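A.B. asks: Sequence first, predicted model second:
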Amino acid sequence: MVAAATTKSVNSKVKTVLVTGATSMVGKELVKELSTNTKNIRIKAAGRSEENVKRIINSDKVESIRFDYARPETLREAVRDVDSIFLITPFQSDMVELTSNLLRYFFIYYFYWIYLKV
């Protein structure tokens, strides 16, 4: 499944985009496109192995992070300071649950951020 989510104000100068599945065929091309053809975007490329992400993406413009839908501790860190998410979810029987977990952390972080700013 491929989807996108965004929340924060469109007025910020630098946007942070989380790309899950960054080592997949779609993810690699998206990260490459974002890192070479966009300005004012910070990219967090996420995969199960941070080392694999670094090896496959190989760009100093991209932050490689460890991310595993099944490990909640990696979800919290992945969504920190993120404005948008491009979701590439593994095609498996629990993919809706896995995606829901990530979006829950994303929106909890977002609403907490709004609460602190108000």
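C.D. replies: Right, received. Where do you want to start?
A.B. asks: which residues touch the residue lying closest to Asn52 once chain neighbours are set aside?
C.D. replies: Among residues not flanking Asn52 along the chain, Thr23 sits closest, at 5.6 Å (CB to CB, 6 or more residues apart in numbering). For the C-beta atoms, the positions are set from N, CA and C on the backbone; glycine is no exception. Counting by CB atoms under 8 Å, 6 or more residues apart in numbering, Thr23 makes contact with Gly47, Asn52, Val53, Ile56, Ile57.
A.B. asks: how far does the top strand by length along the chain sit from the chain's center?
C.D. replies: For the chain, the strand with the greatest residue count under DSSP state E is strand 41-47. Computed by CA atoms, centre = their mean, to the nearest Å, the chain-centroid distance of strand 41-47 equals 6 Å.
A.B. asks: quick check: mean pLDDT across it?
C.D. replies: Taken as a whole, strand 41-47 has an average pLDDT of 92.
A.B. asks: mind listing what it pairs with, with the direction of each?
C.D. replies: Paired with strand 41-47 in the same sheet, following DSSP bridges, are strand 15-19 (parallel), strand 62-66 (parallel).
A.B. asks: which parts of it are buried?
C.D. replies: With burial defined by 16 or more other CB atoms under 10 Å, the residues of strand 41-47 counted as buried are Arg42, Ile43, Lys44, Ala45, Ala46, Gly47.
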